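Enquirer: Coordinates for the following, if possible.
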Amino acid sequence: MAPSSIKWAQPLSSSVHLSLAKPQVRVACDGIAALCQAFSTWPLSPTPTAPHFDLLSSIREALRVSNISWAEQHVGGHADQTKTWRQMSWWELRNSEVDDIAQGYADKLIATKDTIATNPKFFSEPCAIYINNKKVSCLALESVDKAVVLP
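Expert: Sure thing, here's the model as predicted:
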């Protein structure tokens, strides 16, 4: 590139301002309660009546610190039982695929007689409690008391 063209390009590049929209990710789920719990802002409580506290608190923390705009969408579950593949929306097709994958995983756990899936500490989970090398997903006080008090 000739020196004169460099001089000409420099003023143009300094006046160009890129404005990129904030990326948005849409999360679809066939469980309305799961969507509400993951995307709501009310306080979570780690009690036996609040299952999956660890996963929900991890999801909420990841959403909070993310630079991405997140949106939730409910998808009707089991659409493959009432519609043909051609009649299903893109979201319904993805939901059916995920359901099949989850069923395959459950079948694998049952076949190996390991019906309790591993539940590692999630990346955005601030802390975790383990009893007998199994992570506790909700706070069952009686189990925690026994683990802390008994030898």
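Enquirer: What segments of the chain are strands?
Expert: 24-29, 69-74, 130-131, 134-135 (DSSP state E).
Enquirer: Pairing partners for the last one, with directions?
Expert: Using DSSP bridges, strand 134-135 pairs in its sheet with strand 130-131 (antiparallel).
Enquirer: quick one: the helices in the chain?
Expert: Per DSSP state H, the chain carries helices over the ranges 3-15, 32-39, 53-65, 90-111, 141-149.
Enquirer: ok, residues contacting stretch 84-104?
Expert: Stretch 84-104 has contacts (Cβ atoms under 8 Å, 6 or more residues apart in numbering) with 28, 30, 73, 75-80, 83. Heads up, the C-betas are built off the backbone N, CA and C, glycines and all.
Enquirer: try it again with 10 Å
Expert: 26, 28-30, 73-83 (Cβ atoms under 10 Å, 6 or more residues apart in numbering).
Enquirer: Just the buried ones among those residues, please.
Expert: For the contacts of stretch 84-104, a burial check counting by 16 or more other Cβ atoms under 10 Å picks out 28-30, 75, 79-80.
Enquirer: Which members of those are the farthest-apart pair?
Expert: 29 and 80 (16.1 Å; Cβ to Cβ).
Enquirer: got any ranges where this structure has weak pLDDT?
Expert: Within the chain, the ranges that satisfy pLDDT under 70 run 1-20, 47-49, 115-123, 126, 137-151.
Enquirer: ok, residue 106 to residue 86 distance?
Expert: Separation of residue 106 from residue 86 (Cβ to Cβ, to the nearest Å) stands at 28 Å.
Enquirer: between those two, who's got more neighbours?
Expert: residue 106 (12 against 6; other Cβ atoms under 10 Å).
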